[in-house]
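Q: Model the following, please.
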Amino acid sequence: MNIGEATRQRILQLCEEKRITVNKLSTICGITQSTLSNITSGRNNSATVSTIKKICDGLGLTIQDFFNADVFKNLEQEIK
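A: Numbering: from 1, shown residues only. Down below sits the predicted model:
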């Protein structure tokens, strides 16, 4: 799994835990629905740190909380 896939899975996991839709998350975080939809559908595999920070702020998480998840363990080497 690469970082883009892990980020996608983590966002979807958090939405499920908070019982909100991706569209609701976009509203809470101030991110356009199209941006968040592209990330969660896999069309965009390179979410910026700024976007992830907005998601964290909207959900009341720290960046550390976001990345402290099993999905980020054992990621593929990005540079080959």
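Q: what kind of secondary structure is the residue nearest the centre of the chain in?
A: Nearest to the mean C-alpha position of the chain, by CA atoms, centre = their mean, lies residue 11 at 3.6 Å. When states are read from DSSP: H, G, I helix; E, B strand; the rest coil, the local structure at residue 11 comes out as helix.
Q: what sits against it?
A: Taking CB atoms under 8 Å, 6 or more residues apart in numbering as the contact definition, residue 11 lies against 22, 25, 36, 39, 40, 55. (C-beta placed from N, C-alpha, C; glycine too.)
Q: mind putting the residues you listed in a markdown table, pLDDT and secondary structure included?
A: A markdown table is the format used below for these (pLDDT from 0 to 100; DSSP: H, G, I helix; E, B strand; the rest coil):
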| residue | pLDDT | secondary structure |
| --- | --- | --- |
| 22 | 95 | helix |
| 25 | 97 | helix |
| 36 | 95 | helix |
| 39 | 95 | helix |
| 40 | 94 | helix |
| 55 | 97 | helix |
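Q: just those residues now: which is nearest residue 69?
A: Ranked by distance to residue 69 (CB to CB), those are led by residue 55 at 13.0 Å.
Q: Kind regards, and thank you for your time.
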